[in-house]
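A.B. asks: Have a look at this prediction, sequence included:
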Amino acid sequence: MCAKRVMDIMLPAGYPIIRENLPLRDAWEKMCKFVFTIEEHPDYNQGYLMVYNDDDALVGMVTMREMLKTFNQRYLAAVRRVPGYYEGNLNANCIEQYRRSVREIMCADEEIMLKSWDSLVVALRIMLKHRLEALPVINIYHKVIGIVRIADVYEELGLNARHRLYWLKMA
């Protein structure tokens, strides 16, 4: 039996994109619009955006998780120490973070790109290592041809997605 490859389960290109020099506010608005329109994008309603430069080359990916951590970093640290306690102005912190560029918090492309001929085990390892729900797939010309979602990888490998914490520790 042949091992399945990324190209066997990838979804064609159709994911949301954003430019690397735009502020996080624009990325947040675009992501929320995309995530909450599940009827229009049933396969791509994950919390991520592919980040492109001005030459239309993929340079990385930004996730909703990374944006939330950026906006609420002090808040999350306080909540972890004492539930229900926060010292400072959360709103002011969010406004300040909104002005940062997407480039500052994105995962770099060389860390997260899959080649179409990569195995599903390679895809799973990268997804777990970087805690990503989806990865871009490139061809031999380094052009993005689709994405692979972690749920599809779990299903194809016969893994139970409910035991994701175990797999995260193993990565």
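C.D. replies: The structure has been received and is ready for your questions.

A.B. asks: CA atoms for contacts and neighbours, from now on please.
C.D. replies: OK.

A.B. asks: what about residue 102, how many neighbours?
C.D. replies: 26 (other Cα atoms under 10 Å).

A.B. asks: you'd agree it is up against residue 27?
C.D. replies: Yes: under the criterion of Cα atoms under 8 Å, residue 102 makes contact with residue 27 at 7.2 Å.

A.B. asks: Could you pull out the strands in the protein for me?
C.D. replies: 11-12, 17-19, 48-52, 58-63, 107-108, 114-115, 134-138, 144-149 (DSSP state E).

A.B. asks: Please render those strands as CSV that adds distance to residue 127 and mean pLDDT to the earlier fields.
C.D. replies: Listed next are the strands of the chain as CSV, based on distance: least, Cα to Cα, whole Å; pLDDT from 0 to 100:
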stretch, distance to residue 127, mean pLDDT
strand 11-12, 16, 88
strand 17-19, 19, 90
strand 48-52, 13, 88
strand 58-63, 12, 87
strand 107-108, 12, 81
strand 114-115, 10, 92
strand 134-138, 7, 89
strand 144-149, 9, 90
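
A.B. asks: possible to save these as CSV with mean neighbour count and distance to residue 31?
C.D. replies: What follows is the strands of the chain, written out as CSV (neighbours: other Cα atoms under 10 Å; distance: least, Cα to Cα, whole Å):
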stretch, mean neighbour count, distance to residue 31
strand 11-12, 16, 19
strand 17-19, 20, 9
strand 48-52, 24, 7
strand 58-63, 24, 9
strand 107-108, 18, 16
strand 114-115, 23, 22
strand 134-138, 24, 14
strand 144-149, 21, 16
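
A.B. asks: Let me have those in CSV, extended by distance to residue 32.
C.D. replies: Formatted as CSV, those follow (distance: least, Cα to Cα, whole Å):
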stretch, distance to residue 32
strand 11-12, 21
strand 17-19, 13
strand 48-52, 10
strand 58-63, 11
strand 107-108, 19
strand 114-115, 25
strand 134-138, 17
strand 144-149, 19
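
A.B. asks: between those strands, which one is nearest to residue 128?
C.D. replies: Nearest of these to residue 128, taken as Cα to Cα: strand 134-138 at 10.3 Å.

A.B. asks: Let me see the residues that make contact with the closest one.
C.D. replies: 6-7, 10, 46, 48, 50, 112-116, 123, 127, 144-150 (Cα atoms under 8 Å, 6 or more residues apart in numbering).

A.B. asks: change it to 7 Å
C.D. replies: With contact meaning Cα atoms under 7 Å, 6 or more residues apart in numbering, strand 134-138 is reached by 112, 113, 114, 115, 116, 144, 145, 146, 147, 148, 149, 150.
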